[in-house]
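S.K.: have a look at this prediction, sequence included:
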Amino acid sequence: MELIINMALEFVTFLIVCQYVSPFTCYMIINLLYKKIGFLRRKQLIPLLMAPHSCKGCLRDIIASRMSKKTDSPDTPMDINGIEDTSHNPSMPWFGMDIGGSLCKLVYFEPKEILRGESATELETIRNIRRYLTKNSAYGKTGHRDMHLQMENVKIRGIMGTLHFIRFPTCEMRNFLSLAKYKGMAKLVSTVSATGGGAYKFEEDFKREVNLKLAKFDEFDSLLTGIHYIDRNNPSECYYWTDATDESKCAKVNYDFSSPYPFLIVNIGSGVSVLAVYSATNYKRISGTSLGGGTFLGLCCLLTGCNTFEEAIGLAAEGDNRNVDKLVRDIYGGDYERFGLPGDLVASSFGQMNSKERRSKVSKQDLAKATLVTITNNIGSIARMCALQERIDRVVFIGNFLRVNPIAMKLLAYAMDYWSNGTMKALFLEHEGYFGAVGCLLQFHEEGKS
Ligand SMILES: Nc1ncnc2c1ncn2[C@@H]1O[C@H](COP(=O)(O)OP(=O)(O)O)[C@@H](O)[C@H]1O
Ligand SMILES: CC(C)(COP(=O)(O)O)[C@@H](O)C(=O)NCCC(=O)O
């Protein structure tokens, strides 16, 4: 039906522009052609009479708005939360959002082709949103698209497309909502799938500001769905570090994660959650700690005056934690042999900082490194105890704390290996912090479980 409307529209527009027929005749023709839409009002014809060159757009808008009213029919699909679901339309922008304590992760699925079935205005808005998201890698001052993580030729709900990975600080949510409103998101979709604490916290704001409903999914269900899907679709997703303490030999090595169970997930976001996973659907949250990525960044900002995660990591890369921490050798003068504690092991994090003299000599870089080592070692130690308790030997570390953070990954790899006498393995995934967002998108489209 819409194809016919569009063709007729093109033709009538041509007639008006060329002034072959009067706009009134066109008005009658259109109304005759589109009895289904109902008669246009006379005042809606005025733009046609006043501005022949934009009449196509005007007509499209008028017809599209009539059409969109018609789509509020009882056959509109309903999603699992009982929300009217226009997002299942294959051409609509598909988004999954993981709104965490620090970062909002937005995954956008771009179908290979914009398919049939939308009105001209909808198609225009879809194209604008697609162009805006895929032609830029930065959005405003704080939004970023992680282009290196982009996944081409993946299928969701039988449709081929590309997954784009975008993040912005959660504290910028108001600006994001204004942008979504400006870009006409609510005209296209009525529901967006969301997970993370912010899916609850910001639910009312989405409704009030953009008239969008959130289809909410549990963050750990989403995380697992996302991990399984991405690992299936990306052969080089999972890796480990060899020779983590030797810079000259240290390397990333691909790991075949096709038979993954059982495994432990350590999700290092603002805080840390530890999950034991026994099958695609059987898992439990066994532990957690509030000393996570948020703690690292918060303490680093306090101690060094830095303002961003990237700055904090940059400082840490140039620092030496031994100027801040007290090592076993500072206490024993060497190794504590009886219990296998080497002299260069940290005995007490920040243990030197009670000395005024030491404090006067310490650099910002040293403090950043010591903060990173403290938080990472603590997480490694908790992960190891959890793995021991659950008798699991593969530990998968994820979360954006590991973004651009090889120091932490190598420390975790070394700690897991050393303290388990080589029986446990630390694994890492390329899409670090995006699994929740992918998982909730898939759950909305009921694809992830396959
Ligand atoms: N650009 C960034 N801005 C803020 N924190 C970042 C950034 N990149 C990495 N991080 C780290 O990632 C953590 C958040 O990780 P994430 O997995 O997104 O958790 P959450 O879901 O709690 O937001 C932060 O606490 C910080 O340590
Ligand atoms: C509350 C959270 C699940 C929220 O997830 P996040 O936004 O940090 O990724 C997480 O911060 C957490 O598990 N914190 C640790 C709580 C504890 O076990 O002490």
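M.R.: Arrived safely. Ligands and ions are numbered 1, 2, ... in the order given.
S.K.: separation between Lys181 and ligand 1?
M.R.: 23 Å (C-beta to the nearest ligand atom, to the nearest Å). No exception for glycine: its C-beta is placed from N, CA and C like everyone else's.
S.K.: in the host helix or strand of that residue, what's buried?
M.R.: In the assignment (DSSP states H and E), Lys181 maps to helix 173-182. The neighbour-count criterion (16 or more other C-beta atoms under 10 Å) identifies 173, 175-177, 179-180 as the buried residues of helix 173-182.
S.K.: now do the contacts for the nearest residue to Ile265 once chain neighbours are set aside.
M.R.: Nearest non-adjacent residue to Ile265, counting by C-beta to C-beta, 6 or more residues apart in numbering: Leu275, 4.4 Å away. Neighbouring residues of Leu275 by C-beta atoms under 8 Å, 6 or more residues apart in numbering: 220, 223-224, 264-265, 267, 283-286.
S.K.: could you tell me which residues of the stretch 251-400 of the chain lie near ligand 2?
M.R.: Contact residues (C-beta under 6 Å from any ligand atom) of the stretch 251-400 of the chain with ligand 2: 269-273, 288-290.
S.K.: turn these into JSON lines, columns for secondary structure.
M.R.: Output for those, formatted as JSON lines (DSSP: H, G, I helix; E, B strand; the rest coil):
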{"residue": "Gly269", "secondary structure": "coil"}
{"residue": "Ser270", "secondary structure": "coil"}
{"residue": "Gly271", "secondary structure": "coil"}
{"residue": "Val272", "secondary structure": "strand"}
{"residue": "Ser273", "secondary structure": "strand"}
{"residue": "Gly288", "secondary structure": "strand"}
{"residue": "Thr289", "secondary structure": "strand"}
{"residue": "Ser290", "secondary structure": "coil"}
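S.K.: restrict those residues to contacts with ligand 1.
M.R.: Among those, proximity to ligand 1 is found for 269-270 (C-beta under 6 Å from any ligand atom).
S.K.: just the buried subset of the residues of the stretch 251-400 of the chain next to ligand 2, please.
M.R.: Buried by 16+ other C-beta under 10 Å: 269-273, 288-289, out of these.
S.K.: a markdown table please, covering those residues and showing pLDDT.
M.R.: Putting these into a markdown table (pLDDT from 0 to 100) gives the following:
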| residue | pLDDT |
| --- | --- |
| Gly269 | 98 |
| Ser270 | 98 |
| Gly271 | 98 |
| Val272 | 98 |
| Ser273 | 98 |
| Gly288 | 98 |
| Thr289 | 98 |
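S.K.: hmm, back to that, and the residue nearest to Ile265, what are its bridge partners?
M.R.: Using DSSP bridges, the bridge partners assigned to Leu275 are Ile265, Arg285.
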